[in-house]
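Engineer: Here's a sequence, model it:
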Amino acid sequence: MLPKDHQIDLSALIPLGLQLIESSSKQAQAQIDLKYEEIEIQKQNLNINKSVFRHNYWLLVFISISVVLLAAGLIFVKDEISSGISILSHVGAVVVGLIAGMGWDKIRKG
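Structural biologist: Residues are numbered from 1 along each chain as shown. Sure thing, here's the model as predicted:
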C-alpha cells in the first residue's frame, strides 16, 4: 500500500473505463441481435422443411395407393395374378432397397 502522500489519481481513467464498458455492451448487443436473426432464419427453414415434408408425404401416399390399386386391378379384374404380384414384389424390393440405403448412408456418415 502506498503512503497517503504517494496516492495516484485515477480519475483520468474513468472516461476510458466508461468507453470500454459501452463498447463491450454494444458488441454484446450486436451478438444477441445476430443470434436472434439466426433463430428466425432457422424457424423459417423449419417451416419450409415442414411444408416440403407434408407435400412429399401426400405424394408418397398417392403413389402407394396407385400402385396397390394397379396391382389389385391386375389380380382381380384382369386375372393376371403373376403381373400383379410381380408389380407388388418389385415395388417392395425398391422400398426395402431405399430403406437399407438410407440406413447404410446414415451409418457411414454417423
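Engineer: avg pLDDT for the strand or helix carrying residue 70?
Structural biologist: Here residue 70 sits within helix 14-72, counting by DSSP states H and E. For helix 14-72, the mean pLDDT works out to 93.
Engineer: so how far is that helix off the chain centroid?
Structural biologist: In this view, helix 14-72 has its centroid 7 Å away from the chain centroid, taken as C-alpha atoms, centre = their mean, to the nearest Å.
Engineer: State the distance from the residue positioned nearest the centre of the chain to residue 35.
Structural biologist: Nearest to the mean C-alpha position of the chain, counting by C-alpha atoms, centre = their mean, stands residue 46 at 6.2 Å. Distance from residue 46 to residue 35, counting by C-beta to C-beta, to the nearest Å: 16 Å. Where you see a C-beta, it was placed from the backbone N, CA and C, and this is true even at glycine.
Engineer: Then residue 41?
Structural biologist: Per C-beta to C-beta, residue 41 is found 11 Å from residue 35.
Engineer: go on, residue 76?
Structural biologist: Distance, residue 76 to residue 35, by C-beta to C-beta: 60 Å.
Engineer: swap in residue 89?
Structural biologist: 52 Å.
Engineer: Please apply the same query to residue 64.
Structural biologist: Distance from residue 64 to residue 35, counting by C-beta to C-beta: 42 Å.
Engineer: What of residue 23?
Structural biologist: Taken as C-beta to C-beta, the span from residue 23 to residue 35 is 19 Å.
Engineer: Over to residue 85?
Structural biologist: Residue 85 is 57 Å from residue 35, by C-beta to C-beta.
Engineer: and if you look at residue 102?
Structural biologist: Per C-beta to C-beta, residue 102 is found 33 Å from residue 35.
Engineer: just residue 104 next, same as before
Structural biologist: 37 Å.
Engineer: count of neighbours near residue 84?
Structural biologist: 20 (other C-beta atoms under 10 Å).
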